[in-house]
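Q: the sequence and its predicted three-dimensional model are supplied below.
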There are 2 protein chains.
Amino acid sequence: MSQVSVHEASVLRKPLPEALVEQLRSHFGDRFSTAQAVREHHGRDESPFPEMLPDAVVFATSTDDVVRVVKACDAFEVPLIPYGAGSSLEGHTLALHGGISLDVSGMNRILSLNTEDLTVTVEPGMTRKQLNEQLRDTGLFFPIDPGADASLGGMASTRASGTNAVRYGTMRENVLSLEVVTAQGKVVRTARRARKSSAGYDLTRIFVGSEGTLGVITQVTVRLYPQPEAISAAVCQFPTVHDAVACVIQTIQLGVPVARVELMDAAAVKACNLYSKLDLRETPLLLFEFHGTEAGVKEQAQTVQEIARDHNGLDFEWADRPEDRTRLWTARHNAYFAGLQLKPGCRASTTDVCVPISRLADCLDQTTALLESAPFPTTIVGHVGDGNFHVLMLLDPDDAAQWEASETINERIVSIALDADGTCTGEHGIGLHKLGFMREEHGHDALELMWALKRAYDPKNILNPGKVLPPDLP
Amino acid sequence: MSQVSVHEASVLRKPLPEALVEQLRSHFGDRFSTAQAVREHHGRDESPFPEMLPDAVVFATSTDDVVRVVKACDAFEVPLIPYGAGSSLEGHTLALHGGISLDVSGMNRILSLNTEDLTVTVEPGMTRKQLNEQLRDTGLFFPIDPGADASLGGMASTRASGTNAVRYGTMRENVLSLEVVTAQGKVVRTARRARKSSAGYDLTRIFVGSEGTLGVITQVTVRLYPQPEAISAAVCQFPTVHDAVACVIQTIQLGVPVARVELMDAAAVKACNLYSKLDLRETPLLLFEFHGTEAGVKEQAQTVQEIARDHNGLDFEWADRPEDRTRLWTARHNAYFAGLQLKPGCRASTTDVCVPISRLADCLDQTTALLESAPFPTTIVGHVGDGNFHVLMLLDPDDAAQWEASETINERIVSIALDADGTCTGEHGIGLHKLGFMREEHGHDALELMWALKRAYDPKNILNPGKVLPPDLP
């Protein structure tokens, strides 16, 4: 495998202390494992990195379990990596320095559901699909949808979002409160359940997006939303990506409360046609979803249809029937897998820049030009209402030159985004893969503030060490 | 004056070092002042505390000015208190330990307006009314409205919100990025201008709500919104507060996107009638505002009217015409001053609890019962869509027993809110006045995390010392 390599000098691995192994094994029994298969399962993710195995895995089923493991890791100064659904794209869960992978996927219950307040508190291993399945009869739903069936703890940790963040926000806006186990093994609740508060520092937002490096999330309280009275979807084709994006910009500027607006370039449409057996015209397209009352949804769609016409929209097809909507959105959700099928046996590397929407068309133009010389197939999909887009690069896993070229392209796309006052990652997080962009994005002094926080909360650097913050600062 | 006293033991005042005075005077000239009148102006706010004067005031006009003052205060270990519009209700700007008040009200320009992105970057002294005045011709507006004409820097510092947070969120959701001068005098930008990002720790949210204790805000980038195509308002009277709140709960649960929904109790209505020359029936009322398309606004209002009817709503009056809307909302905005007029010569103390909305009716019932024995007039107004309400207590400034009774009532209301999993402050902040509730609200270990952050960012404790965090922790 010729995947992305990690700077070897930064990787210090020590075997687990025997006393720690004994302690954990005697307490957790079967829920402590050093089996190769278990370690391998926890030592890889969806990123382009090679496996980095933890020395052992603990399967936690309670906050008390988490406290016990954290305290043990603290005492022995051993790395601890929280593990949920393993759907990270950026290397978050890889055991760069070995240590313990703390699997919370068994902590997947609803702890309290407050339908009147539109909130629910869940354990961190519950996935978003599990949650929505259990909410089905309540008339409520949890909107954040990163594509993968990620765990709520993982989504909070990466500040995840997805297709309908344009309407409902990201995990930043939708996490009301967390229970966190600190690096010292203390259990802290970050906030009360009130919708807003000005009572002191925003501990919730400190942990949202901290990728397991400041504490281990053991409960997540999120906002829920009433299932809309009506939902409709529409698809509109455009001659160019530029036209499609211009349509989105105007839609946002007019304040049309679209629930979702997704861009696919011609290559992505082609992949979806093949994979999902659709017969969409193979040009750039926008896929819209509207939530609201019957009348409201109709009105939104009409407005958007007019805007699309002004921007060379080729046709505007409705999908009012649930089955048509589902077919279209399933195709979009499967765009990642559809892309992979364009090149059997490939692995994918995905970019994730996000820019102010006024700069989106220009950034996409530059990106498209850049991709013309790519030595592998690519597709583009984007949560364009937020200015966020992904380039899926389909790589031959055995071709080192392709991996290198993909990294170069990612770097250049990030440069384009940073020049436009954007970010290297809209929703996937830093993990290991984007460490190299942190300095350029934030500058030295902002990184110093991040390191100061890390040192204050995790002075022994045991929590997911080597992630989020580039190692060349103190 | 028999106002709230501050624990004297915690107040350490040293005269300003002569060398610091010389340094600042020689650089800032007229913009450095030790005049009694200037110090008095900067040593009081709208809180129930007595004056606490800074030793000197610097009027900053640039980030460079702020850096210079911060570095000087750092070198001499002198307290520094950022000062914007002085509209704090909780003692935020009082110079508990003396030092320098850093007045940024002269930093009140728009630095960049991005109408396509719906963002604007302003200096921290710009007030929300100044901003909206300057935005008037753009078709955009900044929605956050805490009542007072607060500065954007101050609003970010207290995580302010107000009447339309139910639709548009608070400063937590609407600040995209800040420029901050750290305690060491470094200039840091907390985030790029992209709508979302997963690139590292959320520095923006660390400073939003930190009340000037972690850094000095020198630029604020906020989200703007398109002026709605249509706005309408409605007022509905209810026999009891309980009925009114039940109406609100159902409105929120049905997902009606009300822009504002304000509660006034009968006493508040009476005060507004007197002050604003209205003839509203003197029962509890809800004041609604709807934003959207012409059709959407009508539909929202109809839905709410039906809900109100189900909850004993007495009448439902429309205010479609801008002048009627303005009259009603001006009355609501003047409720604070209207309250003060109920008792000429009084001062007010205001509570600010916020609870999960399912608990709001119960909390208001308990609060109303509590107020029956209050030895002074009170009114209740509330941003009830968020579960946030204020009791305005009208106190004789020379009557120590009234001040004590008001503090006792505030404590009991906070207890009621905390029992309901709410917060002691929905939007006013901690300042000095609510320090005593921080431990009960957050618990020891969460406060430890807050202190760890404070010590990491401001190790010499020069930034607004004595605020936010109770002093009985290390």
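A: All right, it came through fine. Residues are numbered from 1 along each chain as shown, chains lettered A, B, ... in the order given.
Q: name the single longest helix found in chain A.
A: Assignment by DSSP state H gives helix A:400-419 as the longest helix of chain A.
Q: residues from the stretch 1-150 of chain A in reach of chain B?
A: By Cβ under 8 Å from any Cβ of the partner chain, the residues of the stretch 1-150 of chain A that approach chain B are A:114-119. The C-beta positions use only the backbone N, C-alpha and C, and glycine is treated the same way.
Q: quick one: least confident of those?
A: Within the set of the residues of the stretch 1-150 of chain A next to chain B, pLDDT is lowest for residue A:116 (91).
Q: how about it: what's its closest non-neighbour residue?
A: Of all residues not flanking residue A:116 in the chain, residue B:358 sits nearest, at 3.6 Å (Cβ to Cβ, 6 or more residues apart in numbering or on different chains).
Q: pretty sure the one you found is touching residue A:119, no?
A: No - using Cβ atoms under 8 Å, residue B:358 is not in contact with residue A:119, being 9.2 Å away.
Q: more neighbours, those two?
A: A direct count of neighbours by other Cβ atoms under 10 Å in any protein chain shown for residue B:358 and residue A:119 places residue A:119 higher, at 23 against 19.
Q: that one pairs with what?
A: With DSSP bridges as the criterion, residue A:119 is bridged to residue A:114, residue A:223.
Q: looks like it contacts residue A:221 (just checking).
A: Yes - the criterion here is Cβ under 8 Å, and residue A:119 meets it with residue A:221 at 5.8 Å.
Q: filter the residues of the stretch 1-150 of chain A next to chain B to the buried ones?
A: The neighbour-count test (16 or more other Cβ atoms under 10 Å in any protein chain shown) marks A:114, A:117-119 as buried among those.
Q: farthest pair in those residues?
A: Across those, no pair lies farther apart than A:114 and A:118, at 7.4 Å, counting by Cβ to Cβ.
Q: give me the number of residues near the closest residue in space to residue A:437 that isn't next to it in sequence?
A: Nearest residue to residue A:437, sequence neighbours excluded (Cβ to Cβ, 6+ apart): residue A:424, at 4.0 Å. Using other Cβ under 10 Å, residue A:424 has 32 other residues around it.
Q: now do the contacts for residue A:424.
A: The contact partners of residue A:424, taken as Cβ atoms under 8 Å, 6 or more residues apart in numbering or on different chains, are A:352-353, A:414, A:417-418, A:430, A:434, A:437-438, A:441, B:199.
Q: can you do 6 Å?
A: Residue A:424 makes contacts with A:414, A:434, A:437, A:441, B:199, as judged by Cβ atoms under 6 Å, 6 or more residues apart in numbering or on different chains.
Q: okay, now the second one: neighbour count?
A: It refers to residue A:434. Residue A:434: 25 surrounding residues under other Cβ under 10 Å.
Q: now do the last one
A: Residue neighbour count, defined by other Cβ under 10 Å, stands at 26 for residue B:199.
Q: got the phi/psi numbers for residue A:392?
A: With angles defined as degrees, to the nearest 10, residue A:392 sits at phi -90, psi 120.
Q: now the stretch 1-150 of chain A against chain B: closest residue?
A: Per Cβ to the nearest Cβ, residue A:116 is where the stretch 1-150 of chain A lies closest to chain B, at 3.6 Å.
Q: pretty sure that residue is touching residue B:359, no?
A: No - between residue A:116 and residue B:359 there is no contact under Cβ atoms under 6 Å: 8.8 Å.
Q: domain map for chain A?
A: Here the domain assignment for chain A is A:8-103, A:110-226, A:230-337, A:341-419, based on automatic domain parsing.
Q: what's the most buried one of these?
A: Mean neighbours per residue, mean count of other Cβ atoms under 10 Å in any protein chain shown, is largest over the domains of chain A for domain A:110-226, with a mean of 23.
Q: okay, how far is it across that one, tip to tip?
A: For domain A:110-226, the first-to-last residue distance is 18 Å (Cα to Cα, to the nearest Å).
Q: can I get the CA coordinates of stretch A:118-130 in PDB?
A: Only the C-alpha atoms of stretch A:118-130 are listed here, as PDB (Å, rounded to 0.1, in the frame of the first residue of the first chain):
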ATOM      1  CA  LEU A 118     -37.400  19.000  21.300                       C
ATOM      2  CA  THR A 119     -34.300  17.600  22.900                       C
ATOM      3  CA  VAL A 120     -32.900  14.100  23.400                       C
ATOM      4  CA  THR A 121     -29.900  12.900  25.500                       C
ATOM      5  CA  VAL A 122     -28.100   9.800  24.100                       C
ATOM      6  CA  GLU A 123     -25.100   7.800  24.800                       C
ATOM      7  CA  PRO A 124     -22.200   8.600  22.400                       C
ATOM      8  CA  GLY A 125     -22.200   5.400  20.500                       C
ATOM      9  CA  MET A 126     -25.800   5.800  19.200                       C
ATOM     10  CA  THR A 127     -25.700   6.400  15.500                       C
ATOM     11  CA  ARG A 128     -27.800   9.000  13.800                       C
ATOM     12  CA  LYS A 129     -29.800   6.300  12.000                       C
ATOM     13  CA  GLN A 130     -30.500   4.500  15.200                       C
END
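Q: what lies in contact with it?
A: If you take Cβ under 6 Å, 6+ apart as the criterion, stretch A:118-130 is touched by A:84-85, A:104-105, A:107-113, A:149, A:151-153, A:176, A:217, A:219-221, A:223-224.
Q: just the ones of the residues you listed in strands?
A: A:110-113, A:176, A:217, A:219-221, A:223 (DSSP state E).
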